[in-house]
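Q: Here's a sequence, model it:
(2 chains)
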2 protein chains.
Amino acid sequence: MSLLGIDLGGTKLAAAVFTEKGAILFKDKISLEGRSGHRAGELVTSLISRLIREKGNNRHSIDSIGISVPGIFNKKTGRVWAPNIPGWSDYPLLSEVREVSGDIQVVIDSDRACSILGEVWMGNAKGCKDAVFLAVGTGIGAGILVNGEVLRGSNDIAGAIGWMALDRPFEDKYIGCGCFEYHASGDGIARVTREFLIKESGYSGILSQIEPDAITASDLFTAFEAGDYLATEVINRAIEFWGMAVANVISLFNPEKVILGGGVFGPAEKLVPAIKSESLKWAQPVSVKLAAIEVSGLGGDAAVYGAGYLALKKLVSFDPSMM
Amino acid sequence: MSLLGIDLGGTKLAAAVFTEKGAILFKDKISLEGRSGHRAGELVTSLISRLIREKGNNRHSIDSIGISVPGIFNKKTGRVWAPNIPGWSDYPLLSEVREVSGDIQVVIDSDRACSILGEVWMGNAKGCKDAVFLAVGTGIGAGILVNGEVLRGSNDIAGAIGWMALDRPFEDKYIGCGCFEYHASGDGIARVTREFLIKESGYSGILSQIEPDAITASDLFTAFEAGDYLATEVINRAIEFWGMAVANVISLFNPEKVILGGGVFGPAEKLVPAIKSESLKWAQPVSVKLAAIEVSGLGGDAAVYGAGYLALKKLVSFDPSMM
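A: Have a look, this model is predicted:
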């Protein structure tokens, strides 16, 4: 059996063909190169039809397809809301994919859901029934597993943790992305760095050599590694926010694990002990001692694994003997 | 059929005998009068044996018993952790009740779980599959319904929302109760009032006539009703915390409803529009527009209704035709 998992992000398309045991038979990554609307949709459908034609790159025929989307999949309409792909406020992805997939099953879900499912299938949440995947990248979101099932909410938009209120009073700058995401996403920490640079006019460190508008989270981590004091201040502040957020999901969900993923973890992996210490101060004391806090076991591939797992679960729901 | 629901609180024991439709046949309330350890347990068992003997106060024989406890019920051991009842750090309530209940089914659950179940059965969460009961009383906790089931977490301690981190940086005064509970529980707002009184030495309003250590949340609401400026300041600050917490559960859980209950709602009922406005600023914008925010439909009785519902569900799990 072979399963096609596709992770559509805001800037790239990752695909992998998996065995039912989660072994990767084939892997590919394509840049979106700024494609929007139907041109982004065509990238997905042409990849799928090519892999079906090539039998999963000359190995196996594809038995089932799972797709992770960077936003919300509406099960009732089969449409996708993906704020980072222009023209995808209500995109008919399911019907377009079905035009090329023939008899092969197709399942679509959000990247939040796929990330935690990927960790359950082949990553650090194996065997967990209650776990949280906190994705810190360009934005912030959470995939939350409750008693073995992904938390959906009444409109499939649960897990919007980037909107978590962590720093009173409210400021207008939180409109559009939420307080936690404003301060502590990848874009957020770059923005906070720029705010600090304006305040600290006497600063002449590494970051002063970069055009302020061009500063990225990656520049910030480089300066932090070099011991730059302004970068250290920004990172310590981010650790406080990340620790508070981890504490809050632990107090609310009492999970076995909180998994830190997304582009920032990555470079922030070595900050995990500091994030743990911060969360230990805030969280319900019994829950926080029982919860493991770890970075993703799958690096940037959690969502593509999760898409493969969606494909597997869809097959298994038709024939449970397959699992 | 008649169902006995018991709500054991930190200071009182409430009991009601219900029909399977949720009508109350008999109701009673007993003060704990400072009883601790086995003397508190005896209050529960003697009430149960009396009601069994009297056939639910001469009306019906009791068919099933549900008990709400102010803490955590450990299903594996049958024991209760209830921090507000001295001697109840690991109390064998289930075995003690079984000694007097004979063949009658007994179910025990936390007050958090019972409160949201009570609202689902006979209160404002009827028909909801995703809803949150935010209980603000002496302490703060949440009963959370996810896809029709109470959220438990991996150790049955989910919903510890009193520990929510909402105000950085961390202060040592949060140790022991959590940041949100420190600032915004019933005890919390009384404590904040005392802190304000110390800072505002020129204040000569209503609250200055009460011995600071004796000030309660109820005194604060009285002063607020009378337009006292210090009380208004404290209440506005509490509204900010309550609004942030409501926003956070909406962003994370995407519930149909958030129900505000516990002793403070009550007098804080008329503050709900202000709490809504505050949560609207912080929360995920789609989720918050779709979520209703209401006070409990059952006043202080949500947990006793929930205990009755536990009793009903236990019977129904043996004979589904009964529901």
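Q: Show me what A:L134 is bridged to.
A: With DSSP bridges as the criterion, A:L134 is bridged to A:A142, A:L260.
Q: gap between it and B:D130?
A: 21 Å (Cβ to Cβ, to the nearest Å). Bear in mind the C-beta positions are built from the backbone N, C-alpha and C, glycine included.
Q: These two - which one has more neighbours?
A: A:L134 (27 against 22; other Cβ atoms under 10 Å in any protein chain shown).
Q: check contacts around the more buried one.
A: A:140, A:142, A:161, A:242, A:245-246, A:249, A:258-262 (Cβ atoms under 8 Å, 6 or more residues apart in numbering or on different chains).
Q: Figure out how far the helix or strand where A:L51 lies is from the centre of its chain.
A: A:L51 is located in helix A:37-53, with elements delineated by DSSP states H and E. Chain-centre distance of helix A:37-53: 22 Å, with Cα atoms, centre = their mean, to the nearest Å.
Q: which helices and strands sit right next to it?
A: With contacts defined as 3 or more Cβ pairs under 8 Å, 6 or more residues apart in numbering or on different chains; DSSP states H and E, the packing partners of helix A:37-53 are strand A:3-8, strand A:12-18, strand A:24-31, helix A:93-101.
Q: Centre-most residue in chain A?
A: A:A135 (4.4 Å; Cα atoms, centre = their mean).
Q: measure that residue to A:C177 for me?
A: Taking Cβ to Cβ as the measure, A:A135 falls 14 Å from A:C177.
Q: One more: A:D301?
A: Relative to A:C177, and taking Cβ to Cβ, A:D301 is found at 26 Å.
Q: Compare those two (neighbour count), which wins?
A: Set A:D301 next to A:C177 and count neighbours by other Cβ under 10 Å: A:D301 wins out with 23 against 18.
Q: Near the residue of the stretch 101-250 of chain A found nearest chain B, how many other residues are there?
A: Nearest to chain B in the stretch 101-250 of chain A, going by Cβ to the nearest Cβ, is A:G153, at a distance of 2.5 Å. Neighbour count of A:G153, defined by other Cβ under 10 Å: 25.
Q: for the one 4 residues further on, same thing?
A: The local packing count at A:I157 equals 21, with neighbours defined by other Cβ under 10 Å.
Q: That one is in contact with B:V288, isn't it?
A: No. Using Cβ atoms under 8 Å, A:I157 is not in contact with B:V288; the gap is 10.5 Å.
Q: Stretch A:50-68: end-to-end distance?
A: Using Cα to Cα, to the nearest Å, one end of stretch A:50-68 lies 19 Å from the other.
Q: quick one: low-confidence parts of the stretch 51-200 of chain A?
A: Scanning the stretch 51-200 of chain A with the threshold set as pLDDT under 70 gives A:56-59.
Q: do the stretch 201-323 of chain A as well
A: A:318-323.
Q: Contact partners for the residue of it found nearest chain B?
A: Residue nearest to chain B within the stretch 201-323 of chain A: A:N254 (2.5 Å; Cβ to the nearest Cβ). By Cβ under 8 Å, 6+ apart, the contact list for A:N254 reads A:130, A:284, A:287, A:290-291, B:152-158, B:160.
Q: and the strand or helix carrying A:I275, does that touch chain B?
A: Using DSSP H and E, A:I275 falls within helix A:272-282. Yes. Applying Cβ under 8 Å from any Cβ of the partner chain, one finds that helix A:272-282 is in contact with chain B at A:278, A:281-282.
Q: now for that helix, which elements pack on it?
A: The helices and strands touching helix A:272-282, judged by 3+ Cβ pairs under 8 Å, 6+ apart, are helix A:229-253, strand A:292-295.
Q: hmm, 6 Å instead?
A: helix A:229-253 (3 or more Cβ pairs under 6 Å, 6 or more residues apart in numbering or on different chains; DSSP states H and E).
Q: Contacts for the helix it packs on next, please.
A: A:132, A:164, A:166, A:180, A:183-184, A:189, A:192-193, A:196, A:203, A:205, A:220, A:223-224, A:258, A:271, A:274-275, A:278-279, A:282-284, A:287-288, A:291, B:153, B:158, B:160, B:163-165, B:168 (Cβ atoms under 6 Å, 6 or more residues apart in numbering or on different chains).
Q: Give me the buried subset of the residues you listed.
A: A:132, A:164, A:166, A:180, A:183-184, A:189, A:192-193, A:196, A:220, A:223-224, A:258, A:271, A:274-275, A:278-279, A:282-284, A:287-288, A:291, B:153, B:158, B:160, B:163-165, B:168 (16 or more other Cβ atoms under 10 Å in any protein chain shown).
Q: Mind checking which of the residues you listed land in strands?
A: The members of those that map onto strands under DSSP state E are A:132, A:258.
Q: related to what we said a few turns ago, now the contacts of A:N254 in JSON lines, with distance to A:K21?
A: JSON lines is the format used below for the contacts of A:N254 (distance: Cβ to Cβ, whole Å):
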{"residue": "A:D130", "distance to A:K21": "25"}
{"residue": "A:Q284", "distance to A:K21": "37"}
{"residue": "A:S287", "distance to A:K21": "33"}
{"residue": "A:L290", "distance to A:K21": "30"}
{"residue": "A:A291", "distance to A:K21": "28"}
{"residue": "B:R152", "distance to A:K21": "31"}
{"residue": "B:G153", "distance to A:K21": "30"}
{"residue": "B:S154", "distance to A:K21": "26"}
{"residue": "B:N155", "distance to A:K21": "31"}
{"residue": "B:D156", "distance to A:K21": "33"}
{"residue": "B:I157", "distance to A:K21": "35"}
{"residue": "B:A158", "distance to A:K21": "32"}
{"residue": "B:A160", "distance to A:K21": "38"}
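Q: show me what contacts A:G137?
A: So A:G137 contacts A:186, A:262-263 (Cβ under 6 Å, 6+ apart).
Q: Looking at these, which is nearest B:I108?
A: A:G262 (40.8 Å; Cβ to Cβ).
Q: shouldn't the closest one be in contact with A:T138?
A: No. Using Cβ atoms under 6 Å as the test, A:G262 is too far from A:T138 to be in contact (8.4 Å).
Q: Between the two, which has more neighbouring residues?
A: A direct count of neighbours by other Cβ under 10 Å for A:G262 and A:T138 places A:G262 higher, at 25 against 19.
Q: how much space between the more buried one and B:G143?
A: A:G262 is 31 Å from B:G143, by Cβ to Cβ.
Q: returning to what we had before: which members of the contacts of A:G137 occur in helices, if any?
A: Under the assignment DSSP state H, these contribute A:G186 to helices.
Q: Serialize the contacts of A:G137 to CSV and add fields for distance to chain B.
A: Output for those, formatted as CSV (distance: Cβ to the nearest Cβ, whole Å):
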residue, distance to chain B
A:G186, 19
A:G262, 17
A:G263, 21
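Q: just the contacts of A:G137 now: which is nearest A:L312?
A: Nearest to A:L312 among the contacts of A:G137, counting by Cβ to Cβ, is A:G262 at 23.6 Å.
Q: Let me see the contact set for that closest one.
A: A:135-137.
Q: So which bits of chain A are right by chain B?
A: Counting by Cβ under 6 Å from any Cβ of the partner chain, the positions of chain A adjacent to chain B are A:130, A:146, A:153-155, A:157-158, A:160, A:163-165, A:167-168, A:170, A:240, A:244, A:247-248, A:251, A:253-254, A:256, A:281-284, A:286-287, A:290.
Q: Sounds good, over and out.
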